[in-house]
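Trainee: turn this into a model:
(chains A, B, C and D)
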There are 2 protein chains.
Amino acid sequence: MPVTIRDVARKLKLSITTVSRALDGYSDVAASTRERVVLAARTMGYEPSRAARQLRRRRTDIIGTVLPTDEGHFADAYFSSFLAGLGDGATSLGFDLLVSTARPDSEAERQLYARWAHGRIVDGIVLNRMRLRDRRVQFLAREGIPFVAHGRTRLDIDFPYVDMDSRAAFCRLVIHLTERGHRRIGYIGAPMGTTLQADRQAGCRDGLRAAGLASDDLLVVRGDLTRQGGYLGAKRLLTLKKPPTAIIGANDLTAIGAMRAVHEAGLEVGRDVAVAGYDGTEDAAHAQPPLTTLTQPIYEIAHQLAEMLIGRIAGTETGIRHVILKPELVVRGSTQYERRRPRGKEVRTGRRLFP
Amino acid sequence: MPVTIRDVARKLKLSITTVSRALDGYSDVAASTRERVVLAARTMGYEPSRAARQLRRRRTDIIGTVLPTDEGHFADAYFSSFLAGLGDGATSLGFDLLVSTARPDSEAERQLYARWAHGRIVDGIVLNRMRLRDRRVQFLAREGIPFVAHGRTRLDIDFPYVDMDSRAAFCRLVIHLTERGHRRIGYIGAPMGTTLQADRQAGCRDGLRAAGLASDDLLVVRGDLTRQGGYLGAKRLLTLKKPPTAIIGANDLTAIGAMRAVHEAGLEVGRDVAVAGYDGTEDAAHAQPPLTTLTQPIYEIAHQLAEMLIGRIAGTETGIRHVILKPELVVRGSTQYERRRPRGKEVRTGRRLFP
DNA sequence: TTGTAGGCGTTATCAA
DNA sequence: TTGATAACGCCTACAA
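Mentor: From the prediction side, this is the model:
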């Protein structure tokens, strides 16, 4: 039913070849012919069949990305920005964006990637939330499917990425907290096996060391990058015999959940317990009190990833393969107060900063 | 380079027909043959070419949705849930989800829909954030492209949808506030022309009337469904000569922005000024104080929309075309206090509820 | 139960 | 500068 290139050719009494070439901007068609063709195509509402074009050119002009859903539901502003950046980046280069969801490291995830790759459903894939030994990377590299990633792995496979130096950033954040007088610092982590968890926790320990404290003193509980996980994690931290005076979340959502737990414990965030996160989402800016965080320009990162990926696909690579950005520390109310001097009976661990 | 049905056939010394039929589960292939084929296909990593299949079957097995981006960036948990529901719903029925972004009612948006429709890039489209006179609906209906929507229009065009009775819900919410003693109620709206704005504002007025107040007394300012819009809107409301004692946001993000403005004005949310929103996002539950809101099960709605749309495409419609759900009022700290009796000199507007 | 052949709508090659 | 023709990989009458 839709109008095909044949219809246009017939109407103009031209061959489909000429119509095709006129529309694709080849130089060997008469200017007058081109005009006629373009006009007719527009008035007839002709749009080339994507399927036919794909089949012939062996290209889909589609890039894909898979969102990690741990239990079907998820609502994360981080991924909204990520998708917006990817979508806009793709659109600006004539590509579309295919999105799916899968539980990390599940059989369903494996099948999804296999289907997308072998079925030639996408020309390339953008990975996120990287794992230390990422099977997706191994698979895509083996199959020769173009891909780029937000983040790195510990595998010995080279691929283009944009990553944040989050280890250094968490180090910086911990130093900020120690400068405020905090000595007992809690960290609510991310799922095991993710690169971001390894980096961020290591960064926290770096920070303690840099401040002259023992890196083993970091109070670590597990989280899952959600508000709920942060809430539960903070509750556990706050019921320790010696609870931390500052809590760092692996991301903003975790920190926001932690703030709630602090509040429910009858403590005031910022005054009694400092809280900080990572991502720089709007959630953080509008939290109560506003949340200290490390920002990453996620929309721009995703936009650039789309461009890098499409560059690889189209063979117009710019040569930029590895980008590492520095998160910016944004100090807000949630960590603004100087830590009150500990009371006499409180036991101090570690050495003093600036003795 | 990827393995095709030919490769499988050649290896098995069968015709491609037989391979095709075996894989598609036709009954007229010998069980033993089928086993051989399925095994070979799996070990060879065969996956049918999506393009070829699309061309032949005149179906893409892809549904699409376009996110409204007013200025490129957007970070909205609402849409994360929406996409997750759509993605999971599509996946469960063997479809993929194509996502793009466009500014509402822009030329780019028009072109995008035209390209998706005429290029047969998607089999159907899921619409959201409906407009009163929605050009997307007019276009898709005219072109005969299957579509479903979250929400309705004021056009005289019938289509399948899932919608919330948000008018009744906002009415209910206003009554809740008047029961708490509030008489001056502010409303921070959504962009003009959207159905949700019309419905929600009308609901507020209904509520005032039902409480025996003048519906004209609703203090309305414009918002844009973001935290920032809510923040600015609330600032304007709070600087009125007679500021409201309760503020309703058109959605949760708006309400969260409003909470921040209340806070900055040195007032306490819940005690001095009540605030309420709509959507039931996790943002609301973890706000400080927790935000009273009207919940809609957005993940499930999106999931059902995907199913409805795919049902239409595949011709397996269930007959369910119009679903209207009732949002649930979840009362939390942000509206928990009884309004203090007005001081003597304060002028009362409207009649008392329960005189 | 299996195989042959035609065509889905393009683009690319080659000839006119 | 234009046109005829052959794929691209798959599905499906129809024939064997």
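Trainee: quick one: pLDDT of residue A:1?
Mentor: pLDDT for residue A:1: 67.
Trainee: how near is the closest residue to chain B within the stretch 251-355 of chain A to residue A:168?
Mentor: Closest to chain B within the stretch 251-355 of chain A is residue A:288: 3.8 Å, counting by Cβ to the nearest Cβ. The C-beta positions use only the backbone N, C-alpha and C, and glycine is treated the same way. Distance of residue A:288 to residue A:168, computed by Cβ to Cβ, to the nearest Å: 29 Å.
Trainee: settle it for me: which of these two has more neighbours?
Mentor: Using other Cβ atoms under 10 Å in any protein chain shown as the criterion, residue A:288 and residue A:168 rank with residue A:288 on top: 21 against 17.
Trainee: isn't the more buried one up against residue B:263?
Mentor: Yes: taking Cβ atoms under 8 Å as the definition, residue A:288 is a contact partner of residue B:263 at 6.0 Å.
Trainee: which stretches of the stretch 251-355 of chain A form strands?
Mentor: A:274-279, A:292-295, A:322-325, A:328-330 (DSSP state E, counting those that start in this stretch).
Trainee: now swap in chain A and tell me
Mentor: A:62-68, A:96-102, A:124-127, A:147-150, A:161-164, A:185-188, A:219-221, A:246-249, A:274-279, A:292-295, A:322-325, A:328-330 (DSSP state E).
Trainee: closest to DNA strand D out of those strands?
Mentor: DNA strand D lies closest to strand A:62-68 among the strands of chain A, at 16.3 Å (Cβ to the nearest atom of the strand).
Trainee: averaged pLDDT, that closest one. What do you get?
Mentor: Mean predicted lDDT for strand A:62-68 stands at 94.
Trainee: any part of it near chain B?
Mentor: Yes: for strand A:62-68, a contact with chain B is found by Cβ under 8 Å from any Cβ of the partner chain, at A:62, A:67.
Trainee: and that strand, how far out from the chain's middle?
Mentor: Distance, stretch centre to chain centre, for strand A:62-68: 12 Å (Cα atoms, centre = their mean, to the nearest Å).
Trainee: list the contacts of it.
Mentor: Strand A:62-68 has contacts (Cβ atoms under 8 Å, 6 or more residues apart in numbering or on different chains) with A:74, A:79, A:82-83, A:86, A:90, A:95-104, A:109, A:112-113, A:116, A:121-129, A:306, A:309-310, A:313, B:83-84, B:87, B:98.
Trainee: mind listing what that strand pairs with, with the direction of each?
Mentor: strand A:96-102 (parallel), strand A:124-127 (parallel) (DSSP bridges).
Trainee: from the chain's centroid, how far away is the longest one?
Mentor: Taking Cα atoms, centre = their mean, the mean C-alpha location of strand A:96-102 is offset from the chain mean by 14 Å.
Trainee: mean confidence score for that strand?
Mentor: So the average pLDDT for strand A:96-102 ends up being 93.
Trainee: got it, and the shortest one?
Mentor: This predicted structure assigns strand A:124-127 an average pLDDT of 98.
Trainee: low-confidence stretches in chain A?
Mentor: Applying pLDDT under 70 to chain A flags the ranges A:1, A:71-74, A:339-355.
Trainee: how about the helices in it?
Mentor: Taking DSSP state H to define them, one finds helices in chain A at A:5-12, A:16-23, A:31-44, A:50-57, A:77-92, A:107-118, A:135-143, A:166-179, A:195-210, A:227-238, A:252-264, A:282-285, A:298-314.
Trainee: report the angle between the axes of the third one and helix A:5-12?
Mentor: Calculated by axes from the mean of the first three to the mean of the last three Cα atoms, to 10 degrees, helix A:31-44 forms an angle of 120 degrees with helix A:5-12.
Trainee: go on, the last one?
Mentor: On the basis of the same axes, to 10 degrees, helix A:298-314 is oriented at 70 degrees to helix A:5-12.
Trainee: among the strands of the stretch 251-355 of chain A, which is the most enclosed?
Mentor: Among the strands of the stretch 251-355 of chain A, the stretch with the highest mean neighbour count (mean count of other Cβ atoms under 10 Å in any protein chain shown) is strand A:274-279, at a mean of 29.
Trainee: break chain A into its domains for me.
Mentor: According to automatic domain parsing, chain A comprises the domains A:5-57, A:62-164+A:299-327, A:166-297+A:330-354.
Trainee: can you measure across the second one, start residue to end residue?
Mentor: This stretch, domain A:62-164+A:299-327, spans 30 Å end to end (Cα to Cα, to the nearest Å).
Trainee: also stretch A:149-168?
Mentor: Start-to-end, stretch A:149-168 (Cα to Cα) is 20 Å.
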